[in-house]
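**Student:** Pasting the sequence and the predicted coordinates here, then a few questions.
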Amino acid sequence: MNKNAVNWFEIPVNEMSRAKKFYETVFSLELSMLPMPDVEMAAFPMNEGGEHSTGALIKCEGYVPSKLGTMVYFTCDDVQINLDIAVKAGGKVLNPKTAIGEHGFIAHIEDSEGNKIGLHSIK
């Protein structure tokens, strides 16, 4: 198989405007609202044919923010920079920047909605 195993993710939110602002602030990017019936979705930027996958924030019946279950890791230039920004934006550090050998560093935060997400960087 010559494809990444994951091609899309959805992060549940309770308040779209608050969550959208949090992610745009922490990762210095702009999310785009997707017109969908009965669902609020804000998509992360995507480079067609680029590395990694993308996804969206979603507010919809049956989607509940949680620190349990599947966790999405976001690529960063330096985990510590994004940790510091996340705290200022209303997030909480769950696990600080931690070395994972030759694979770089990871950290875990709680976003503005109560989801646990991961950060990953090489430095």
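**Tutor:** Received, thanks.

**Student:** All the helices of this structure, residue numbers only.
**Tutor:** Counting by DSSP state H, the chain has helices at residues 16-27, 79-88.

**Student:** Between those helices, which one is closest to F9.
**Tutor:** F9 sits nearest to helix 16-27 of all those, at 12.4 Å, using Cβ to Cβ. Where C-beta positions appear, they are placed from N, C-alpha and C, glycine not excepted.

**Student:** coming back round to it: now mean pLDDT, mean neighbour count and distance to N7 too, for the helices of the chain, in JSON lines please.
**Tutor:** As requested, the helices of the chain are exported to JSON lines (pLDDT from 0 to 100; neighbours: other Cβ atoms under 10 Å; distance: least, Cβ to Cβ, whole Å):
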{"stretch": "helix 16-27", "mean pLDDT": "98", "mean neighbour count": "18", "distance to N7": "19"}
{"stretch": "helix 79-88", "mean pLDDT": "98", "mean neighbour count": "18", "distance to N7": "23"}
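
**Student:** Now distance to N115 too, for these, in JSON lines please.
**Tutor:** JSON lines is the format used below for the helices of the chain (distance: least, Cβ to Cβ, whole Å):
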{"stretch": "helix 16-27", "distance to N115": "9"}
{"stretch": "helix 79-88", "distance to N115": "12"}
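
**Student:** Ok, which of these comes nearest S121?
**Tutor:** For the helices of the chain, the distance to S121 is smallest for helix 79-88, at 4.6 Å, taking Cβ to Cβ.

**Student:** Which other helices and strands does that closest one contact?
**Tutor:** Packed against helix 79-88 by the contact rule (3 or more Cβ pairs under 8 Å, 6 or more residues apart in numbering; DSSP states H and E) you find helix 16-27, strand 92-99, strand 105-110, strand 116-121.
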